[in-house]
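A.B. asks: this one's structure only:
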């Protein structure tokens, strides 16, 4: 099973929608090493999957005047989490949720703490994903001179036990930023695009945005922003069907895509 999928956009497009946590799929050989029974695993997937974010991205891409590129994870984040640092830089290692999770949302063991198994998962799934995403960003840079990564996520309306920063606001839309890679124009465009979806907050309860390590902190032509959509805005929690709110969210994301296409010349 391939761990990722690239959906082409316009050949001269700079925008990349990144959908890392929208899948529930777990290969059989990985499932066998997970300690949860099927009922407990289904509940964990309900909590940890950014359900329907792939659908939101697809609808937004179709509605945008300039179709973006989309890079989507086809596997659950319980296989590997491609957005985590694969080393000691990752703060979520403190709760057993580094690039390879060893704990559940409630702190129960998810898989044995086996360094060889972790290394195998990183080799088979994490590193190929990171390489493919970095190559896609390089292709956008070569084609357009810039790349705009819009990271599409969701989060539960009530905090889960694993969250390290659960005491802050939980707005309908949380924008995650990076001091190096998120320019003011992109943040302003996102605030404008999502204003009809509810309160738009900044870096709470989740902060930061995904940039491939190949470009992180070094390539200013790579800009990025994370969109965290509170799940009760567009779906039935914890892992239910979409509601009518998904249309408003997808339309807002399409508006942001088009705004990113027309970035200020000075920021290109």
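C.D. replies: Alright, I've got the coordinates. Source: prediction; values computed, not measured.
A.B. asks: can you pull out the helices in the stretch 51-200 of the chain?
C.D. replies: Secondary structure of the stretch 51-200 of the chain (DSSP state H, counting those that start in this stretch): helices at 53-63, 115-121, 127-144, 184-193.
A.B. asks: can I get these in TSV with distance to residue 259 and mean pLDDT?
C.D. replies: To be clear about C-beta, it is placed using only N, CA and C from the backbone, and glycine gets the same treatment. Formatted as TSV, the helices of the stretch 51-200 of the chain follow (distance: least, Cβ to Cβ, whole Å; pLDDT from 0 to 100):
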stretch	distance to residue 259	mean pLDDT
helix 53-63	12	98
helix 115-121	37	96
helix 127-144	16	97
helix 184-193	4	97
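A.B. asks: now for those helices, which one comes closest to residue 13?
C.D. replies: helix 127-144 (7.1 Å; Cβ to Cβ).
A.B. asks: possible to save the helices of the stretch 51-200 of the chain as JSON lines with mean neighbour count and distance to residue 177?
C.D. replies: Listed next are the helices of the stretch 51-200 of the chain as JSON lines, based on neighbours: other Cβ atoms under 10 Å; distance: least, Cβ to Cβ, whole Å:
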{"stretch": "helix 53-63", "mean neighbour count": "21", "distance to residue 177": "19"}
{"stretch": "helix 115-121", "mean neighbour count": "14", "distance to residue 177": "29"}
{"stretch": "helix 127-144", "mean neighbour count": "18", "distance to residue 177": "18"}
{"stretch": "helix 184-193", "mean neighbour count": "18", "distance to residue 177": "6"}
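A.B. asks: a markdown table for the ones you listed, including distance to residue 40?
C.D. replies: Shown next, in a markdown table, are those (distance: least, Cβ to Cβ, whole Å):
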| stretch | distance to residue 40 |
| --- | --- |
| helix 53-63 | 23 |
| helix 115-121 | 20 |
| helix 127-144 | 26 |
| helix 184-193 | 36 |
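A.B. asks: Which one, of these, ends up nearest to residue 73?
C.D. replies: Residue 73 lies closest, by Cβ to Cβ, to one member of the helices of the stretch 51-200 of the chain: helix 127-144, at 7.0 Å.
A.B. asks: Name the residues that touch that closest one?
C.D. replies: The set of residues external to helix 127-144 that reach it, using Cβ atoms under 8 Å, 6 or more residues apart in numbering, is 3-4, 6, 11-14, 16, 18, 69, 71, 73, 80, 82, 86, 146-147, 149, 212-215, 219, 221-222.
A.B. asks: let's go with 6 Å and repeat that
C.D. replies: If you take Cβ atoms under 6 Å, 6 or more residues apart in numbering as the criterion, helix 127-144 is touched by 3, 4, 12, 14, 71, 82, 147, 212, 214.
A.B. asks: Selection in ChimeraX covering whichever of the residues you listed are buried, please.
C.D. replies: Buried subset of the contacts of helix 127-144, written as a ChimeraX selection, criterion 16 or more other Cβ atoms under 10 Å:
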select :3,4,14,71,82,147,212
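A.B. asks: Mind telling me the two of the contacts of helix 127-144 farthest from one another?
C.D. replies: 3 and 12 (27.6 Å).
A.B. asks: picking that back up, residue 162: which of the helices of the stretch 51-200 of the chain is closest?
C.D. replies: The minimum distance between residue 162 and those falls on helix 115-121, with 18.1 Å, by Cβ to Cβ.
A.B. asks: Residue 238 is nearest to which of the helices of the stretch 51-200 of the chain?
C.D. replies: Once the helices of the stretch 51-200 of the chain are compared by Cβ to Cβ, helix 53-63 is nearest, at 14.5 Å.
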